[in-house]
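Visitor: Next one to model:
(one chain, ligands or ions: 1)
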Amino acid sequence: MKEWTREERYRTLESPDDVREMYSSRIKESVYRQSYHIQPVTGLLNDPNGFLHYNGEWHLFYQWFPLGPVHGLKHWYHVSSKDLVTWNNRGLAVAPDRWYDNKGAYSGSALLTDGKLYLYYTGNHRNDNWERIPYTCLAELFEGSWRIKKWDEPLFGPAEGYTEHQRDPKIIKLKENRYVIVLGAQNDAKQGRAIVYESDNPTSNWRFKGEINVPGFMDFGDMWECPSVQHISGYDVLMFCPQHITLKYRGQSQNHNGYLIGSMDWDNLVFQPIGQFHELDFGFDSYAAECAARKRTWAETNMIAWMGIPDAEYPTDDEGWSGCMTLPRTLRVRNRRLIQEPLQELTQLRIDEADPAMGFLPDACEMNVFNQEEELDIALFTKKDHTGGIRIYFNSKSRILTVDRSGMDRLFNTDDGNIRTRKLENPLDHLRIYIDHSSVEIFVNNGDAVFTSRVFPHYTEHHFEINTKAEVHIWNLRPAVVDNFII
Ligand code: FRU
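Guide: Just a heads-up that it's a prediction; the model follows:
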């Protein structure tokens, strides 16, 4: 891929014309454009931000660098949906146009309180010496026009005792007149932390309260990105992305997105975990998950994540775009683990059944595999002669499910390894596999584990083979994300 200079990465988007040509000549024509996953109009998409349900509609923003497939000057782009299935592009939401966010409007979250919608985000400010000073910033979002009004000054600047890595505000209303913001941070000893600010008012009076003490996890990666505390099925769940550690089941990857189940004491800032750190997703490409509730009570929690990882290159970089979102999923706690199932509404995507006897994988489909043996061995995206592809196999003795993508023609990010595994709690009964033009999401045993990955098959790699006995159903899926040029 071409080398991007600092000037090119931090160039401002002056008008849609800056990227119109890139969209119509290279991106729109790409065979890897997704048909039911959120993807960037142009350039790079990363974290989901400000996921929110308001007045019968879901709103989601994403980190966006419009001018190319690299991490550069970040904006927030806005998409919305009535049902979390069909999504529409709504255009640019937060542009980095103030002194405090001069080098990017980084990740953050949304709050609906007293009838007002607020967006909290990190202003990635850099001074003339290119030193980074992160600010926590606020904007109000107006329904209808979906325009925003930024505050003239940030809410607060960096906390002492921590490095330049302080970002990703997660706003939480604990009760009337009690709000907290959780930020991802790195302390001066280069350890990952979640730090907390508190206020009685969502728009002012913010003061530093301290860092969350997480017994057993105070030396766990050198930076925690995108931390949040959710309340799911009666438990508190601390979700975060610890960086620069190697963990079981994730090959050589240094970037993780996982969670601890436990209980959060906001007065004393202690999160007491019950059990170990779990990955949210066992595949190759998933990061920076963000949750939103349909009901105020958080009775039902939906999650969506960036289908990508930091510090990685993807084959579509050559076409001028990179990244997409995962499918939205529903979260529940069972046996002290998160159960992650594709959203119920996604069955609306089904058009008709394809005949599995053809051994052919449509570009956009849902495949259900009901396993009828103790072992399982299947290969997706093989060639016609059944060579290559992604192999999925289950060893009933070790209970380890393996996903091996080393057989694909077009490999990428191979430094992170080509194999992912996960030990299952139960025998393998069922796989529900969502395939879009350039992704595969494998849900195991009704949400016991998920493997999410980008995949870039050649047109010859669209076959599959099942080597053990199983009943298979394949549904063709309709397009659901309107891929139009709205900036
Ligand atoms: C995570 C992240 C965040 C940051 C954003 C910038 O992928 O690095 O910590 O706010 O991306 O785009």
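Visitor: can you tell if the strand with the most length in the chain touches the ligand?
Guide: Criterion DSSP state E: the longest strand present in the chain is strand 162-175. Yes: counting by C-beta under 6 Å from any ligand atom, the ligand is contacted by strand 162-175 at R167, D168. Every C-beta, even on glycine, is put in place using the N, C-alpha and C of the backbone.
Visitor: So which elements touch the helix or strand just after that strand?
Guide: Heading C-terminal from strand 162-175, the first helix or strand you meet, by DSSP states H and E, is strand 178-187. In terms of contacts (3 or more C-beta pairs under 8 Å, 6 or more residues apart in numbering; DSSP states H and E), strand 178-187 is packed against strand 162-175, strand 192-199, strand 207-211, strand 223-232.
Visitor: check contacts around the closest residue to the ligand within the stretch 301-450 of the chain.
Guide: For the stretch 301-450 of the chain, the nearest residue to the ligand under the criterion C-beta to the nearest ligand atom is P310, separated by 5.3 Å. Counting by C-beta atoms under 8 Å, 6 or more residues apart in numbering, P310 touches N46, H71, Q243, N255, Y287.
Visitor: Strands of the stretch 351-487 of the chain, start to end?
Guide: 365-371, 376-382, 389-395, 400-407, 419-423, 430-436, 439-444, 449-454, 463-466, 470-477 (DSSP state E, counting those that start in this stretch).
Visitor: Looking at the helices and strands packed on strand 178-187, spot the one closest to L67.
Guide: L67 sits nearest to strand 162-175 of all the helices and strands packed on strand 178-187, at 21.7 Å, using C-beta to C-beta.
Visitor: Quick one: mean pLDDT over that closest one.
Guide: This predicted structure assigns strand 162-175 an average pLDDT of 97.
Visitor: just checking, next helix/strand downstream of the helix-or-strand element of the chain with minimal mean pLDDT?
Guide: The weakest-scoring helix or strand in the chain, judged by mean pLDDT, DSSP states H and E, is strand 287-293 (a mean of 90). Sequence-wise, the next helix or strand downstream of strand 287-293 (DSSP H and E) is strand 301-306.
Visitor: any idea how far the residue in the stretch 251-400 of the chain that the ligand sits nearest to is from W87?
Guide: Residue nearest to the ligand within the stretch 251-400 of the chain: A288 (4.7 Å; C-beta to the nearest ligand atom). Separation of A288 from W87 (C-beta to C-beta, to the nearest Å) stands at 18 Å.
Visitor: What of M325?
Guide: According to C-beta to C-beta, M325 and W87 sit 9 Å apart.
Visitor: Give the residues shared as contacts by the two.
Guide: Between them, M325 and W87 share the contacting residues I38, L60, judged by C-beta under 8 Å, 6+ apart.
Visitor: These two - which one has more neighbours?
Guide: Using other C-beta atoms under 10 Å, the more surrounded residue of M325 and W87 is M325, with 26 against 23.
Visitor: most neighbours, which of the contacts of P310?
Guide: Going by other C-beta under 10 Å, Y287 tops the contacts of P310 with 26 neighbours.
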